[in-house]
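Peer 1: coords please:
(chains A, B and C)
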Amino acid sequence: MFNPQLNKNGELQHLLTIEGLPKPILNHILDTASSFVSISDREVKKVPLMRGKSVFNLFFENSTRTRTTFEIASKRLSADVINLNIAASSTTKGESLLDTIDNLAAMHADMFVVRHSQSGAPFLIAKHLDDHGQKDIHVVNAGDGRHAHPTQGLLDMYTIRHYKKDFSNLTVAIVGDILHSRVARSDIHALTTLGVPEIRAIGPATLLPGGLEQMGVRLFSNIDEGLKGVDVIIMLRLQNERMSGALLPSAQEYFKSYGLTPERLALAKPDAIVMHPGPMNRGVEIDSAVADGAQAVILPQVTFGIAVRMAVMSILAGTHG
Amino acid sequence: MFNPQLNKNGELQHLLTIEGLPKPILNHILDTASSFVSISDREVKKVPLMRGKSVFNLFFENSTRTRTTFEIASKRLSADVINLNIAASSTTKGESLLDTIDNLAAMHADMFVVRHSQSGAPFLIAKHLDDHGQKDIHVVNAGDGRHAHPTQGLLDMYTIRHYKKDFSNLTVAIVGDILHSRVARSDIHALTTLGVPEIRAIGPATLLPGGLEQMGVRLFSNIDEGLKGVDVIIMLRLQNERMSGALLPSAQEYFKSYGLTPERLALAKPDAIVMHPGPMNRGVEIDSAVADGAQAVILPQVTFGIAVRMAVMSILAGTHG
Amino acid sequence: MFNPQLNKNGELQHLLTIEGLPKPILNHILDTASSFVSISDREVKKVPLMRGKSVFNLFFENSTRTRTTFEIASKRLSADVINLNIAASSTTKGESLLDTIDNLAAMHADMFVVRHSQSGAPFLIAKHLDDHGQKDIHVVNAGDGRHAHPTQGLLDMYTIRHYKKDFSNLTVAIVGDILHSRVARSDIHALTTLGVPEIRAIGPATLLPGGLEQMGVRLFSNIDEGLKGVDVIIMLRLQNERMSGALLPSAQEYFKSYGLTPERLALAKPDAIVMHPGPMNRGVEIDSAVADGAQAVILPQVTFGIAVRMAVMSILAGTHG
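Peer 2: Numbering: from 1, shown residues only, chains lettered A, B, ... in the order given. Okay, the predicted model is just below:
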C-alpha cells in the first residue's frame, strides 16, 4: 500500500493515518504537543512558527467542531487560514477534486487539512501532490470516511499519557460501534504501537469487526465483563443515523446494554479515566453522572487536542520533503 | 435575579444587559470608546490590546450585520476571531448548548460574543462559566430575543453624548414597536441611568408595554404630540414579520401613522438628531428625505458602534475575575 | 460614460474594467505583480503593505474560487479580511445595496471586492462612494454579470507577457462562448491596449457578438482555421447552464466542434501556450491531454493571479483620491 507519510529522511511528510507510524514519530508529536499545552495558558497564546504560511481547511464533509479545532490551532501558530466548505456535489468526480487541489497548490498553499466522507481521499491528495513534486505541501487527515482520524487518535494518546504516564502496563477498553468508527481504528493502531499490553473492544457483536482479534484485541459483547479492571475507558459516539438502523435497537435499548453508568464505571479500576471524542449523546452511550464526574477527562481531551494539532502542523511545516 | 456582570471588585466581567449597570461603568465604556474612535481614522487601524486572544462569535441566530461589527472590532484589537454560525436545530436542548460552551472553553476561549433568539441565553452561558470557575472567559450579549442588545444601547448613548454633550437636560423619544424591541429596552435603561429627565415612547397603543410608565417613561400613541420639542429621536426598525400580523396595519398605513417625515421632524427641536439602529425600512418607519437629511446621525452611529464594541471587548479582556 | 477608475492625478482609484485603462497603468500593475510573484516563493509569504486595512469581500454571487484568491491576496498583504456572502434576495433593491455600502463604509472599510450577477454593480458602488466624498475607499470588480472581470484579464496579460515577453507581434485566439464571457471582454480590451496586432475570436456564429469586428477582432466559426499559426490560445469555460440551452448543441457535440484536442493544438505555432480561466470542463471545451500537456499554462495562471490581485490591491491601498 502506498504510504507517503514519511519522506526519505524518515520525517513526517503528511499525517494520514496512525497505522504504520513509527513509535519515535508518535512520541515526537506527543512531546511537541506538551510544549504547546503551556502556551495555551499564556496571556498571548500565539507563536510565530507558521507565520505567512497558508493553511486550507478543505472540508468536503461538514464538521464545525473539527474545523474549529484546526482553525484555532492554525491561528495560534500565526498561520493564515482559509476555510473552504466544499459541497460534495461539486466534487463528485475524482478528477475535479484533483483539479481543485492543483489550483490551491498553484496559489502556494502550504498545508491542506482534509475532511472527507470517502475513505482514502486524503491519501489520494497526498499521492497526487507527491507525484507532481509538490514536496512542500503537507496534508493532514481530519477524518476520512470510516478509515482514520489520526489527530483524534493522537490526542487520545496524549490524554492517556498525561494521566497514566506509562503505556506499558495498561488495560484500555473501547466501547461502542467499533465497526463504523474511525476513532476506534486510529486508537487501536496507536495503542498497539505505544505498547499497551491489553486492548479491549466492547460492543454489540454485530458492531465488532472480525479482524480485530488478529490485531491482539480482546472482544466483549458484555460490557460488564469488558470493563472489569480497566485503566482507561474510551467511549465512542453513537452516530444518530445508526440508531434507527437494522444493526441496533433503540437509543434507550442501547443505553441499557452499553451505556456507561456509574455502576458500570465502578467495575473498572478506581482510578480509571473516561474518555469520549465528543460530541456526547448523554443518556445514549454515556450517563450524565459519568460525563460530568470526577473520572471523566473529556474536556481535557479537547484542550490537549488543540496542542496536538499545533504539534502536528508545526512539525509538518518544518519538514521539507 | 442573577446578575454576573460585575466581579467582586466591581469590574465588568460580562456585558449582558444595560439594566443594573452602574453609571461609572457606562461612562468608563463611553470614555474608552472615545479613544478608539480616533484609531479608526488612522492609516493602521489596529492596536495589539487583544493579540493572541481567541474570540468566538457564537451566532445561534443569523445576523450578518452584527456579526460583522464584532468581527471588525475584534480584528482591530488584533484578536483571533472564530465565527460559528450554529443552526438552532443542533442546540435545541439547553444541555447541548452548554456542552458546546464547555468544549469551546476547553479550547481556551477568551470571549464569547453570543447572539441568540431566546432571551436569557447569554446569561445562562455566563452563569455556567462562573459556576465552573472559568473566571477569564467573558461573555458579550450581541442580542438575545426581545430582552437586550446592550452594545446597541451603548452606541446609542455614545452618539447622543457626542452630539448633545450632556444628558441632564434632554428629551429623548423612541418611536415604533417598543413592545418587541430589545433596542428600546436597552436604550431606556441606559438613558435612565445616565440621567435623561424625559424619555418618551411613541407607538401604536398595542405596541407600548404596560410597565414603562412605572419607569418614568411618557407614552404617546400620537406621534405628532410625542415629537414636540424633543432633542433626540430614536426610530426603531419595524420587523417584517410584524407587518402582516394582527398587531399592525399594512406598511403603508404604518408609515402614514408613525413614519418619520420631514414635516414631523419639524415638530422636534431645530437641532434634534435622528437615530436608527439599522437596517432601515425606507418608506415604512422613516422617509428617505429624513434618513439622508442633515439631522440624521445614522451612519455615525455605525462608526461609533465599532469603537464601542472595541471598548467593551478590551475592557473585558483586561478584567481578571 | 462615467468612469471613476482614475483619480484627478491619473492614478488608479478603483479597478472596475480594463476598458479605457491606459497602457502605463496596465504595465504598472503587471510590473508590480512581478515583484509579488517572488514573495509567494518565500518561507514567509507576507508583506505588511496593507496591515490594519479592512478589506470586505462582498460576494452577491457565490464564487468560492474567486473569493479564495482575493482572500489569500489580502492576507499575504497583511490586511484584515471580512467575507460577506450576501444573498441576492436581501439586496434586490438598488437602494438597500447602497445602504449596505454606506454602513460598511461607516465601519471604515478600506476596500470592497465586489462580485455581482448584475453588470454595473461595482460601478454603481464606486460612483456612490465618490459622490459621498469617500475618497479613501477603493472598489475592485471581481466579476459583474457579463460585463467585466478585470483581474482575470490582468492575470491573463501577465501570463502572456511572462511566456511571450512582447505583445507587439502576437496572434492571440480566444475560443468559446465569447458572447456571454466577461473574461473574453476583459481580455480583448487588454490585448488591444497592449498592442497585440491580431486577436481572433473563435466560436459558434450564434456566440460571436456583432461588435467585435469594429474592434479589429477577426471572427472564426471554424476552429481549425482560427487556430492556424497562433501564439496564444485562451479557452473559455462553457457555462453549464448554456449547454442545455437553445444556443448550443450537447456537450459532446460542442467538444466535437470546438473542443481543444492535441490535433487542433498542432495547428497553432509549436511554442503556442494554452490558457483557461478555470474551472475546466475536461472533455467539453478542452481535452485532458491538452489540459495536462506541456503547452498548458493553466496552473501558472493561478499562481500569477494571486500576484496580480496583490498588485491591484496594494496599488489601490496606496492611492489617496
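Peer 1: Which residues are in contact with residue A:74?
Peer 2: Going by C-beta atoms under 8 Å, 6 or more residues apart in numbering or on different chains, residue A:74 touches A:50, A:55, A:57, A:81, A:313. Glycine gets a C-beta too; all of them are placed from N, C-alpha and C.
Peer 1: Repeat the analysis, applying 7 Å as the threshold.
Peer 2: A:55, A:81, A:313 (C-beta atoms under 7 Å, 6 or more residues apart in numbering or on different chains).
Peer 1: need the residues you listed in TSV with distance to residue B:191 and secondary structure, can you?
Peer 2: Below are the contacts of residue A:74 laid out as TSV (distance: C-beta to C-beta, whole Å; DSSP: H, G, I helix; E, B strand; the rest coil):
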residue	distance to residue B:191	secondary structure
A:55	47	strand
A:81	42	strand
A:313	50	helix
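Peer 1: By neighbour count, sort out the buried ones in those.
Peer 2: Burial by neighbour count, 16 or more other C-beta atoms under 10 Å in any protein chain shown: within the contacts of residue A:74 this picks out A:55, A:81, A:313.
Peer 1: And these, which is closest to residue A:75?
Peer 2: residue A:81 (6.3 Å; C-beta to C-beta).
Peer 1: Quick check: closest non-adjacent residue to that closest one.
Peer 2: residue A:74 (4.4 Å; C-beta to C-beta, 6 or more residues apart in numbering or on different chains).
Peer 1: Next, count neighbours for the closest residue to chain C within the stretch 151-300 of chain A.
Peer 2: Ranking the residues of the stretch 151-300 of chain A by distance to chain C (C-beta to the nearest C-beta) places residue A:151 first, at 23.9 Å. A count of nearby residues for residue A:151, using other C-beta atoms under 10 Å in any protein chain shown, gives 27.
Peer 1: same question, residue A:26
Peer 2: There are 18 residues near residue A:26, going by other C-beta under 10 Å.
Peer 1: Would you mind giving the secondary structure of it?
Peer 2: Following DSSP: H, G, I helix; E, B strand; the rest coil, residue A:26 is assigned to helix.
Peer 1: For the stretch 51-200 of chain A, which residues score under the pLDDT cut-off?
Peer 2: Across the stretch 51-200 of chain A, the ranges flagged by pLDDT under 70 are A:87-95.
Peer 1: and it, which residues reach chain B?
Peer 2: A:64, A:68-69, A:71-72, A:75 (C-beta under 7 Å from any C-beta of the partner chain).
Peer 1: Try it again at 6 Å.
Peer 2: A:71-72, A:75 (C-beta under 6 Å from any C-beta of the partner chain).
Peer 1: Could you do the stretch 201-321 of chain A as well?
Peer 2: A:299, A:302-303, A:306.
Peer 1: 7 Å instead?
Peer 2: Checking the stretch 201-321 of chain A against chain B by C-beta under 7 Å from any C-beta, the hits are A:278-280, A:282, A:299, A:302-303, A:306.
Peer 1: neighbour-wise, which of these leads?
Peer 2: Of those, with other C-beta under 10 Å as the count, residue A:306 tops at 26 neighbours.
Peer 1: what ranges do the helices span in the stretch 201-321 of chain A?
Peer 2: A:223-227, A:240-243, A:251-258, A:262-265, A:288-291, A:298-317 (DSSP state H, counting those that start in this stretch).
Peer 1: which residues sit against the third one?
Peer 2: Applying C-beta under 7 Å, 6+ apart, the contact partners of helix A:251-258 are A:175-176, A:203, A:223, A:238, A:243, A:248, A:283-285.
Peer 1: Alpha carbons only: can I get it in CSV?
Peer 2: Extracted as CSV, the C-alpha positions of helix A:251-258 are listed here (Å, rounded to 0.1, in the frame of the first residue of the first chain):
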residue,chain,number,x,y,z
ALA,A,251,-31.3,4.6,21.8
GLN,A,252,-32.9,3.5,25.1
GLU,A,253,-32.1,-0.1,24.5
TYR,A,254,-28.6,0.8,23.6
PHE,A,255,-28.1,2.7,26.8
LYS,A,256,-29.5,-0.2,28.8
SER,A,257,-27.0,-2.6,27.2
TYR,A,258,-23.9,-0.4,26.6
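Peer 1: how distant is that helix from the center of its chain?
Peer 2: Counting by C-alpha atoms, centre = their mean, to the nearest Å, helix A:251-258 is centred 25 Å from the centre of its parent chain.
Peer 1: Can you point out the buried residues in it?
Peer 2: So helix A:251-258, judged by 16+ other C-beta under 10 Å, has buried residues A:251, A:254-255, A:258.
Peer 1: swap in the fifth one?
Peer 2: Neighbour-count burial for helix A:288-291, with 16+ other C-beta under 10 Å as criterion, is recorded at A:290-291.
Peer 1: Going by contacts, tell me the helices and strands next to that helix.
Peer 2: Helix A:288-291 is packed against helix A:262-265, with contacts defined by 3 or more C-beta pairs under 7 Å, 6 or more residues apart in numbering or on different chains; DSSP states H and E.
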